[in-house]
Every structure is written in C-alpha cells, then in structure tokens.
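Student: sequence-free structure coming up:
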C-alpha cells in the first residue's frame, strides 16, 4: 500500500480491524497503533509524506485507568503540587482568593509550608471532571489519586505507548510546572518559589538552571543548522 494513501479513515479502519477480526484487547490494539505511529513519524522525518494522519486521531487513552493517571499527572503539571500533596487535597482546600478566582490553600507535606496556588483553567477543569468520581465521593478527596507506585507504573506504560524515551515519573510534573508552565512564561522566580513551597529561593534557582541549560542546547542546535545552510 502506498504510504501516501494512509489517512485518518485508514487509522479508524485499522483500529476496527484489530478490535474485531483480530480480537485484540484495548491495550494490544493501542500498542499496535502506537507502533504504527512510529513508522509514520519516520516517514514524516524522511519527507516521504507531508501530512500526519495521527493529528486528529485520539484512541490512545480509551483505557480509563491510563486516562485517569494522565489527567492527575497533568493536574500537578498545572499546579506544581507533589504527589502526596495532590493525594491529600479535599474540597475544603479550594477557596476564593483575593483576586476573586479559585485558589488551592494547603500545606506542603515535605516542607510544612503554606501552599497558596491560583487555579489555572486546565487544573480547574480536571477537578470538575472527577467531582462525582466514586473514589472522590467515598474518601472525600478532590481527585481519585492512586498509590504512588501505581501512578509511576502506569506513567511508564503511557510513556511506552506514546514513544517517550525519557523516564516518566510523577515528580516530573513538578519540574514541568516550574520550568515549562511558569518560568518559561516569564512568571517571576520569587512567585514560583512561593507556589512550590520552597523555604528559600536557592532551591527554585535549580529549575532556572535547568531551563537555561535547555535554552543553551537549543541555541547550539540552531547554530549548527545555520552553519549547514552556510549562513
């Protein structure tokens, strides 16, 4: 089959074929589709095709277990909360801040410092998504957080399915908040330090160093591209 003929409709038909004629379970079907996605990415990288049929295709997380882990991980990416702090959140931790919007008011378990965090839209939507989840209703928790061990095992499974080579653990969410979400978007380091519950700004500067290292690596690659083009 000509690789250029593979489109969104083909992916849907392929998934249907796997789940019906081949009787694949959800995880098996998803793995076949993700492995096929690696082939597509290679074709894109080599210029053999110019459109990615996976762009609007969303079948990866029909497994509710993985979907739940993904959303809770993203919640920490948008709040900077560590695993234990996220697990202990209840509805009582959500109140209206000075700006009239919703904030999280809690204490960091590790540093025993106050944690006052304005809720970004994405984090607020995740809370709304799980407000009627049985685990939240039964235990009085804000989110249905699994054990730390299970969260990390399932995050590894998500990384494998998505072709992420980096080891994915829950703690990376906190790094993501500090670097990608806040510092990269020009939030002052003093504010980031306060949200993360650091007792002094030196700990927060570690994230800034990671960010600057990434900028340096990106610029080196950019210089190399210009050299190849003879600029």
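Tutor: That came in fine, so what should we check first? The model shown is predicted, which means the values in this text are computed figures rather than measured ones. Numbering: from 1, shown residues only.

Student: all contacts plus neighbour counts: C-alpha atoms, from now on.
Tutor: Noted.

Student: which parts of the longest helix along the chain are buried?
Tutor: Secondary structure assigned by DSSP state H gives helix 201-228 as the longest helix of the chain. Of the residues in helix 201-228, those buried by neighbour count under the rule 16 or more other C-alpha atoms under 10 Å are 204, 205, 207, 208, 211.

Student: and for stretch 96-110?
Tutor: Going through stretch 96-110 with 16+ other C-alpha under 10 Å, the ones that come out buried are 102, 103, 104, 105, 106, 107, 108.

Student: shaky segments in the chain?
Tutor: Flagging of the chain using pLDDT under 70 yields the residue ranges 58-62, 111, 214-215, 231.

Student: what's the domain layout of it?
Tutor: Under the assignment automatic domain parsing, the domains of the chain span 3-45, 64-202.

Student: of these, which is nearest residue 221?
Tutor: Comparison of these against residue 221 by C-alpha to C-alpha identifies domain 3-45 as nearest, at 16.8 Å.

Student: same list (the buried residues of helix 201-228) but as TSV, adding distance to residue 80.
Tutor: Listed next are these as TSV, based on distance: C-alpha to C-alpha, whole Å:
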residue	distance to residue 80
204	12
205	15
207	12
208	15
211	16
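
Student: nearest to residue 171, of these?
Tutor: The shortest approach to residue 171 among those belongs to residue 207, at 13.1 Å (C-alpha to C-alpha).

Student: go ahead and flag the most central residue of the chain.
Tutor: Central residue of the chain (C-alpha atoms, centre = their mean): residue 74, 4.4 Å from the mean position.

Student: that residue touches residue 173, doesn't it?
Tutor: Yes - look at residue 74 against residue 173 with C-alpha atoms under 8 Å: they come within range, at 7.0 Å.
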